[in-house]
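Colleague: I'd like to go over a predicted model; first the sequence, then the structure.
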Amino acid sequence: MRKVEVCFSPELIHLHELTGKTVVVVDIFRATSTMVAALANGIIEILPCADLEECRLMKEKGYLIGGERNGLTAPGFEMGNSPIAYLNSDHSGRKLAMTTTNGTQAIEKSKGADEILIGAFPNLQASVSYIQAQDKDVLIHCAGWKGHFNLEDSIFAGALIKALESSHHAEEDGALAMKSLFEHSGHQLKDFLSQASHAKRLQNHGIERDIDFCLTLDLYDFVVKVDERGFLVKV
């Protein structure tokens, strides 16, 4: 049986071996959820950018640009980090360059893995099926918040570990703890995460619909992965 483990912050990723593993990058509120939404609504590929200026320059190459810092759309960007915003407009055939406070940094720091997937509740089961078909050890890389642990990414890790239990064994303490957390609180996901610090930040910005989308299970049956060029694509 394969193994599954959890890294709770990009600041800790150096403590984990990436070689030969499937890394699932998770930023539930909201980057990875937004990436799934964008690809579900016409965006054909996403270039994750580590910094704002790199992303901003992609507009000159015809890209739609999405930039977020501290929960808000960065100045000069067409889009921010709201999944609902990507669902509200038709982006068929467009390419997106995207940078966020936490999620795109976690993707960058996951390079070196055998493959990188994007984790989100709206395509959880599709990701589970894909992972089980690959037969590799899994590392769940939580984006957290500015280097710190957060609840929403961690409970998603627990949900994924629980869903993989027929094929992947959780033996390290972090994975065992997150599986237990999901088993205890996953049935009341929205109520439980309403106390999360980042959920409160987002509520202060009046974007409860984003939170609802981010916590909706299995809307889509595709997987999002990083291809050999470093772009996010549907598979």
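Modeller: Arrived safely.

Colleague: from here on, contacts and neighbour counts on C-alpha atoms
Modeller: OK.

Colleague: what residue ranges in the chain are flagged as low confidence?
Modeller: Counting by pLDDT under 70, the chain shows low-confidence ranges at 196-206.

Colleague: mind redoing it with 80?
Modeller: 194-207 (pLDDT under 80).

Colleague: quick one, helices of it?
Modeller: With DSSP state H, the ranges of helices along the chain come out as 31-40, 52-57, 83-87, 103-109, 124-134, 151-163, 173-185, 189-193, 197-204, 208-214.

Colleague: and of those, who's closest to residue 234?
Modeller: helix 31-40 (6.9 Å; CA to CA).

Colleague: Can you tell me what sits against that closest one?
Modeller: Here helix 31-40 makes contact (CA atoms under 8 Å, 6 or more residues apart in numbering) with 25-27, 45-46, 81-84, 86-87, 91, 100, 102-104, 118-123, 214, 220, 224, 233-234.

Colleague: likewise stretch 47-58?
Modeller: Residues contacting stretch 47-58 (CA under 8 Å, 6+ apart): 64-67, 76-77, 95-100, 104-105, 107-108, 230-232.

Colleague: In PyMOL, how would I select just the buried ones from the residues you listed?
Modeller: Buried residues within the contacts of stretch 47-58, by 16 or more other CA atoms under 10 Å, are selected in PyMOL with:
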select buried, resi 64+65+66+67+77+95+96+97+98+99+100+104+105+107+230+231+232
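
Colleague: The contacts of stretch 47-58 in strands, which ones?
Modeller: Applying DSSP state E to the contacts of stretch 47-58, the entries found in strands are 64-67, 95-99, 232.
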